[in-house]
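>>> Let's see this in three dimensions:
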Amino acid sequence: GDTGTTTGSTTGDTGTTTGSTTGDTGTTTGSTTGDTGTTTGSTTGDTGTTTGSTTGDTGTTTGSTTGDTGTTTGSTTGDTGTTTCETKVAYDDGTTKVFSINGEIASGSVYSISNAVSVDIGDCVTSIAPHTFEDCELLSEIKMPNTITKIGTDAFMKCTALTDVRMPDSVKQIGAYVFHLCRSISSLTLSNSLKNIEGYTCNGCKSLSSITIPNSVVRIENNAFAGTSLSSITIPDSVEYIGVASFQGCDHLTSVEFGNEVKEINGSFSYCKNLSSITIPDSVEMIGNWTFGWDIGITAVTIGGGVKKIGMNAFHNCSGFTTLMIPDSVEYIDANAFYRCSGLTKVEIGSGTKYIENYAFSECPNLADVKIRNSTSKLEYNYAIFDNISSTAKLYVPSNLVADYQADTKWTDAFKGGVYAIGS
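As a prediction, this is how the structure comes out:
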């Protein structure tokens, strides 16, 4: 500057230049060598101090900066080096803090996590520990890098201010209850690398109105999406198992499209009162207990040709559909399977059915026409299988078994309209 002093010497490419300059606001000193040399320097300004050293591509850069709001430290090497990540946390008092976290982030990794309103997780974090953000009721935004592979149990449980969550495709595993009772989440993007959607993942997320199940998912566990506001759901072909109550109480759910590899639907859609029609694919082998219980809006049911068992209360109190055809593959109809299906007027039971348990079709007052196609032997009339059906109900069976059914007073008491041969 005007009042400064400059001194220095210069040599060739391998020489040395040293100098100092004094200006109005600070001092700069430095030395420079050639391509293989070293540069060091320090600058003092109004808001802080920066010191550093730099070498070539294979060298190391270290530095520290002190400013008005604090100090940041970090180290960076070349392509094969390491980076100390910065996880940024904004708080409800308007302040922001930066934390250096490698590997797993946990509740103890971040100061005063319960007061956080947003978290931007750094690139060196590979997992989120169980309970990390549990009960962070002010947390409205979370950003996860594509380095994270695992999210632990209860990680975001009861984060009631979260609205939009995007899970990176790097995540391969999540624990149970991850977003349990996050009642404000309306949009959730799941990782395309997930194999299991664990129990209670989004249970009680009452604002969640849509979800895409990735093609990587094999199992949807118990209560995963119970109590949400989903209006429709498509189960991809990759899914083999749908757990107990996984969509229970989804009052807004009107349609479900099943993939072609689902083998077991286990009590998954009970109390979905607006579900209107169901088509179960041939891949399904078992319809578990209470699967569609109390789904009073169902008007049509198609049961696939691979089903072997219909579980207890599977269609309990489904009063909306009028006809039912049970395929030849079904061997076992458990107790109360179609109990109080008051809309039923006609039922056809396939040739493979060997057992019908207590109350299976009881309290179906409009049921007037039943066909049983098993021609091997008369089925046993277990307790109250067809109690309180239509007073004029007729039973149709293979011609070779008409006499056997007519001789059994349990069957004739239930079917007061008589027993007849199929086709007569």
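>>> I'd assumed residue 338 was in contact with residue 357.
No - using C-beta atoms under 8 Å as the test, residue 357 is too far from residue 338 to be in contact (11.1 Å). C-beta: built from backbone N, CA, C; applies to glycine.
>>> For the chain, which segments count as helices?
402-406, 409-414 (DSSP state H).
>>> helices and strands around the longest one, which ones?
Counting contacts by 3 or more C-beta pairs under 8 Å, 6 or more residues apart in numbering; DSSP states H and E, the secondary-structure elements packed against helix 409-414 are helix 402-406.
>>> returning to that earlier point: and the helices of the chain as a markdown table, adding mean neighbour count?
Listed next are these as a markdown table, based on neighbours: other C-beta atoms under 10 Å:
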| stretch | mean neighbour count |
| --- | --- |
| helix 402-406 | 16 |
| helix 409-414 | 15 |
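>>> pLDDT weak spots in the stretch 1-150 of the chain?
1-84 (pLDDT under 70).
>>> try 90 this time
Flagging of the stretch 1-150 of the chain using pLDDT under 90 yields the residue ranges 1-85, 107-112.
>>> okay, residue 357 and residue 338: which has more neighbours?
residue 338 (26 against 17; other C-beta atoms under 10 Å).
>>> and residue 96, what is it in contact with?
Contact partners of residue 96, counting by C-beta atoms under 8 Å, 6 or more residues apart in numbering, are 88-90.
>>> looking at it, residue 400 is touching residue 376, isn't it?
No - when contacts are counted by C-beta under 8 Å, residue 400 is not listed as touching residue 376 (9.5 Å).
>>> Residue 239 and residue 392: what is the separation?
Noted for residue 239: a distance of 44 Å to residue 392, by C-beta to C-beta, to the nearest Å.
>>> Ok, residue 125 next?
For residue 125, the distance to residue 392 - C-beta to C-beta - is 70 Å.
>>> Which one of those two is surrounded by more residues?
residue 125 (19 against 11).
>>> Identify the residue spatially nearest to that one, adjacent ones excluded.
Once flanking residues are discounted, residue 125 sits nearest to residue 105: 4.9 Å by C-beta to C-beta, 6 or more residues apart in numbering.
>>> what does residue 261 give?
residue 237 (5.0 Å).
>>> which residues sit in contact with that neighbour?
215, 259-261.
>>> Quick check: phi and psi at the nearest residue to residue 299 once chain neighbours are set aside.
Leaving out its chain neighbours, the residue that sits closest to residue 299 by C-beta to C-beta, 6+ apart is residue 320, at 4.6 Å. The phi/psi pair for residue 320 (degrees, to the nearest 10) reads phi -90, psi -30.
>>> How much space separates the residue nearest the centre of the chain from residue 111?
What sits nearest the mean C-alpha location of the chain, by C-alpha atoms, centre = their mean, is residue 197, with 4.7 Å. In this view, residue 197 and residue 111 are 32 Å apart by C-beta to C-beta.
>>> same check, this time on residue 206
32 Å.
>>> More neighbours: those two, which one.
More crowded of residue 206 and residue 111, by other C-beta under 10 Å: residue 206, with 20 against 11.
>>> on that earlier part again, specify which member of the contacts of residue 96 is nearest to residue 274.
Nearest to residue 274 among the contacts of residue 96: residue 90, at 39.9 Å, using C-beta to C-beta.
>>> OK, contacts around the closest one?
96, 116-119.
>>> cutoff 7 Å now
Going by C-beta atoms under 7 Å, 6 or more residues apart in numbering, residue 90 touches 96, 116-118.
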